[in-house]
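Got a predicted structure here, sequence first:
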Amino acid sequence: RNAKAPGQTPAPPPAYKPPPGSEKRIGDLVEQLGLTVRTIMIDPGHGGKDPGAQGLGGLVEKDVNLRFARLLGKQLEDHGFQVLYTRTKDVFIPLEERTAMANAKKADLFVSLHCNAHGDAKSSGLEIYSLNLASTEDAVRVAARENAVSAKTISDLQLILTDLMLNTKMKESRDLAKTVQDKAVGSVSRWKTRDRGTHEAPFYVLMGARMPAVLVEMGYITNPDDAKRLGSDKYLEALAQGMVNGLVAYKQRLERFTGEAVPAAGKKKAS
């Protein structure tokens, strides 16, 4: 039995000090171990009974998302990535199952593709989201629209908040969003697409992802100029190239401490 002298308080335990360097983020560990990005899960938003936004010129969001997903996937495969899809045809997949599919396949990155919509036809532009609580009215609006098809209720709130608090990929996802946004905007600069930047919001489709995950709003399907672009394969090809440039840049950043960049799966370095 541990006895103590009358009036004497026990000494507090020494403050915990982590070993030097252990406070570095998981991203740094990825860099030091020479790990790389090989597999990307592309998620064409909506589908089946969920058409998404109805746009100008007869555009339907679920169709634009799928068409763009194929263009993006082809370019990623040309760069040596393994590409997986949550859907390759017009079918409905619940939001909660999409990241579960990425987790099951051990994807390294998850990219969800969408078109934005607004009652004001003047609203336009490209923006990319990562997972967090929304801090702007616009982010709240976009998340509410994308989450509307979910069957979740108020009783799920605690689980949702816990998922947000425990999500360890928030910083990596923010970095991924910014890198892809910058490259994508640069690639379509001659179309004068509005750069709406990167934001955070609590999208169900990003929750539970065990890898960096982003949601891309390619443009406003309700804006005449954006709708015209989204209906153009030439524009979508350029946008896809910009996004690929961003994904490659993110991959190379992870590899920058390995001494020599590791080629993506199936891609041999040029001699």
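Okay, I see it. Numbers count the residues shown, from 1 in each chain.

quick check: mean pLDDT across stretch 232-252?
Per-residue pLDDT over stretch 232-252 has a mean of 97.

One more: stretch 109-124?
97.

buried sites along it?
109, 110, 111, 112, 113, 114, 115, 116, 117, 118, 123, 124 (16 or more other Cβ atoms under 10 Å). In short, each C-beta sits where N, CA and C put it, glycine included.

Save those residues as TSV, and put in distance to residue 92 and secondary structure too.
Below are these laid out as TSV (distance: Cβ to Cβ, whole Å; DSSP: H, G, I helix; E, B strand; the rest coil):
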residue	distance to residue 92	secondary structure
109	24	strand
110	19	strand
111	20	strand
112	15	strand
113	16	strand
114	15	strand
115	17	strand
116	20	strand
117	19	coil
118	24	coil
123	27	coil
124	28	coil
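
before we move on, what SS does the most centrally placed residue in the chain have?
For the chain, the residue nearest the mean C-alpha position is residue 214 (0.9 Å; Cα atoms, centre = their mean). Here residue 214 is recorded as strand under DSSP: H, G, I helix; E, B strand; the rest coil.

List the contacts of it.
By Cβ atoms under 8 Å, 6 or more residues apart in numbering, the contact set of residue 214 is 110, 111, 112, 128, 129, 130, 173, 176, 177, 180, 206.

ok, which pair from those is furthest apart?
Spanning the widest gap among those are 180 and 206, at 14.2 Å by Cβ to Cβ.

Tell me which of the contacts of residue 214 fall in strands.
Secondary structure assignment by DSSP state E places 110, 111, 112, 128, 129, 130 of the contacts of residue 214 in strands.

Kindly provide the distance from the residue nearest to residue 250 when sequence neighbours are not counted to residue 111.
In space, and not counting its chain neighbours, residue 250 is closest to residue 179: 4.7 Å by Cβ to Cβ, 6 or more residues apart in numbering. According to Cβ to Cβ, to the nearest Å, residue 179 stands 12 Å off from residue 111.

got any residues that touch both of the two?
Joint contacts of residue 179 and residue 111 (Cβ under 8 Å, 6+ apart) are residue 247.

picking that back up, so the residue nearest to residue 250 versus residue 82, what's the distance?
The value you get for residue 179 to residue 82, if Cβ to Cβ is used, is 20 Å.

Those two: who's more crowded?
More crowded of residue 179 and residue 82, by other Cβ atoms under 10 Å: residue 179, with 23 against 17.

quick one, what contacts residue 39?
81, 82, 83, 84, 105, 106, 107, 108, 109, 265.

Filter those residues down to just the ones in strands.
The strands, defined by DSSP E, take in 82, 83, 84, 109 from these.

any idea which of these is closest to residue 232?
Of all these, residue 232 sits closest to residue 83, with 22.7 Å by Cβ to Cβ.

Can you check the pLDDT for the closest residue to the closest one other than its chain neighbours?
The shortest distance from residue 83 to any non-neighbouring residue, by Cβ to Cβ, 6+ apart, is to residue 73 (4.3 Å). We have a pLDDT of 98 for residue 73.

Check residue 255 too.
The model's pLDDT for residue 255 equals 76.

So what touches the longest helix belonging to the chain?
Longest helix in the chain, counting residues (DSSP state H): helix 233-254. For helix 233-254, the external contacting residues (Cβ under 8 Å, 6+ apart) are 27, 30-31, 35-37, 40, 67-68, 71-72, 75-76, 79, 81, 109, 111, 126, 175-176, 179-188, 191, 212, 216, 218, 229-230, 261, 264.

Next: stretch 147-155.
With contacts defined as Cβ under 8 Å, 6+ apart, stretch 147-155 is touched by 46, 50, 94, 95, 96, 160, 202, 203, 204.

What is the nearest of those residues to residue 225?
residue 46 (22.2 Å).

Tell me, how many residues neighbour that closest one?
Residue 46 has 26 neighbours, counted by other Cβ under 10 Å.

mind checking how far it is from residue 107?
20 Å.

Enumerate every residue touching residue 145.
Contacts of residue 145 by Cβ under 8 Å, 6+ apart are 53, 117.

Determine the three-state secondary structure at it.
State at residue 145, reduced to three classes by three-state DSSP: helix.

Quick check: pLDDT value at it.
Per-residue pLDDT puts residue 145 at 93.
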